[in-house]
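K.L.:
Build me a structure from this.
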Amino acid sequence: MRTTVKLQVSRGESGVTLLELLIALALGAVLTVGVLAIWRETQLAYLYGAEAADAQQNLRVALDRVSQVLRSAGANPVQIPDFVAFGQAGDECLRAFADLEGDADGSPPDGELDDPWEDVRFDYANGVLKQQNGRSPSQSLAFGIVPNPGGVPIFQYFDESGLPIASGGKCGMSSADLNRIRRIVVTLTARGVVEGQSVTRTLRSEVRPRNLR
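P.N.:
Prediction:
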């Protein structure tokens with residue numbers, strides 16, 4: 001017995017042509033590139049924001065520390081002879097004195113400046129703001145510090161009338177002018193880098209030593 005199989009072809013159906021396949025692939029590639037571009041921009045925005053936040057926090061911590069020290073400058077409750085509130089000052093350095101306590105924590109001022117936070121110096125060099133307490137080694141307080149916009153010094157000084165006091169350069173203020181200081185403006189700028197782009201933040205603090213009149 002012979003079996004006959006009949007094949008029927010529907011003439012109303014057709015496959016995908018090569019041109020249609022290429023067009024589909026091209027559209028897919030365009031969509032993929034677009035999605036990747038959006039993802040990259042999103043990542044850069046996140047990294048930029050994170051770097052900016054880090055720079056600002058870095059500055060805030062440093063300014064809080066400097067302001068705390070300067071507000072106490074000039075404390076001399078037991079009247080130390082020949083006492084001065086500031087031993088050195090300039091555009092990039094500042095040394096402040098205050099008799100705050102005795103040898104034991106919480107003890108009354110003892111008329112000397114060998115206790116913690118009674119002799120503090122701030123210095124800027126090579127992108128780092130450093131702090132030195134008394135004879136202890138200096139410690140880094142803030143990194144990534146760059147020159148302020150417009151050439152504004154890190155430390156600016158004013159007398160009781162609000163008149164600016166000449167800084168004497170980086171750290172060379174005269175003794176007479178040191179005794180005139182009644183207000184200090186501290187300006188710091190930090191910079192980070194994201195994908196070759198600079199991220200900078202500038203913060204400013206004004207301090208009036210409460211022990212100086």
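K.L.:
which residues of the chain fall in helices?
P.N.:
18-72, 175-178 (DSSP state H).
K.L.:
just so I know, which of the ones you listed lies nearest I145?
P.N.:
If you check each of the helices of the chain against I145 by C-beta to C-beta, helix 18-72 wins as the nearest, at 8.1 Å. Every C-beta, even on glycine, is put in place using the N, C-alpha and C of the backbone.
K.L.:
same for the closest one, what does it pack against?
P.N.:
Helix 18-72 is packed against strand 93-97, strand 119-125, strand 139-142, strand 183-194, strand 197-207, with contacts defined by 3 or more C-beta pairs under 8 Å, 6 or more residues apart in numbering; DSSP states H and E.
K.L.:
Report the distance from it to the chain centre.
P.N.:
Its chain's C-alpha centre and that of helix 18-72 lie 19 Å apart, by C-alpha atoms, centre = their mean, to the nearest Å.
K.L.:
for the record, mean pLDDT for it?
P.N.:
On average, the pLDDT along helix 18-72 is 79.
K.L.:
okay, the angle between it and strand 119-125?
P.N.:
Relative orientation of helix 18-72 and strand 119-125, computed by axes from the mean of the first three to the mean of the last three C-alpha atoms, to 10 degrees: 150 degrees.
K.L.:
can you give me the angle helix 18-72 makes with strand 183-194?
P.N.:
Relative orientation of helix 18-72 with respect to strand 183-194: 160 degrees, computed using the same axes, to 10 degrees.
K.L.:
nearest to R135, of the helices of the chain?
P.N.:
Between R135 and those, the tightest spacing by C-beta to C-beta is seen for helix 18-72, at 16.5 Å.
K.L.:
in the sheet, who's paired with the closest residue to I181 other than its chain neighbours?
P.N.:
With sequence-adjacent residues excluded and distances taken as C-beta to C-beta, 6 or more residues apart in numbering, I181 is closest to Y157, at 5.1 Å. With DSSP bridges as the criterion, the beta-bridge partners of Y157 are I165, I184.
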